[in-house]
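A.B. asks: the following block contains a protein sequence and its predicted model.
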Amino acid sequence: MGTMNFSVPDKVKEEFNEYFAGENKSAILTKLIEEAINEKKKQARRAKAMDAILEFRKTAKPITDEEIYQIRQEIRE
């Protein structure tokens, strides 16, 4: 298991210690870091998807409201 050292403002440290007294602080920080990593991964996937959509839209032919209506009707059948 690795060790991480970083600085936080004293107020944050004091509140963390107050609100998580008696709890496994390493486990809490690990969970928070994992959540932050997962959020960054989600943001990257969203950005990649958006880039792909925007790239597709450059070459996609526009369709009319009527064509959209017809496609919806076909899907519903």
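C.D. replies: Happy to help now that I have it.

A.B. asks: longest helix in the chain, by number of residues?
C.D. replies: Using DSSP state H, we find that the single longest helix of the chain is helix 25-59.

A.B. asks: counting neighbours, which bits of it end up buried?
C.D. replies: When neighbours are counted by 16 or more other Cβ atoms under 10 Å, no buried residue of helix 25-59 is found. For every residue, glycine as well, the C-beta is placed using N, CA and C.

A.B. asks: let me know the average pLDDT across it.
C.D. replies: Regarding helix 25-59, the rounded mean pLDDT is 97.

A.B. asks: what comes up buried for the helix or strand just after it?
C.D. replies: Downstream of helix 25-59, the next assigned helix or strand under DSSP states H and E is helix 65-76. Using 16+ other Cβ under 10 Å as the burial criterion, none of the residues of helix 65-76 qualify.

A.B. asks: C-alpha coordinates for helix 65-76, PDB please?
C.D. replies: This file holds the C-alpha atoms of helix 65-76, laid out as PDB (Å, rounded to 0.1, in the frame of the first residue of the first chain):
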ATOM      1  CA  ASP A  65     -39.300  17.000 -38.800                       C
ATOM      2  CA  GLU A  66     -41.400  14.800 -41.100                       C
ATOM      3  CA  GLU A  67     -38.500  12.300 -41.500                       C
ATOM      4  CA  ILE A  68     -38.100  12.300 -37.700                       C
ATOM      5  CA  TYR A  69     -41.800  11.600 -37.300                       C
ATOM      6  CA  GLN A  70     -41.700   8.800 -39.900                       C
ATOM      7  CA  ILE A  71     -38.700   7.200 -38.200                       C
ATOM      8  CA  ARG A  72     -40.500   7.400 -34.800                       C
ATOM      9  CA  GLN A  73     -43.600   5.800 -36.200                       C
ATOM     10  CA  GLU A  74     -41.500   2.900 -37.700                       C
ATOM     11  CA  ILE A  75     -39.800   2.300 -34.400                       C
ATOM     12  CA  ARG A  76     -43.200   2.200 -32.500                       C
END
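
A.B. asks: please consider this matter closed, and thank you.
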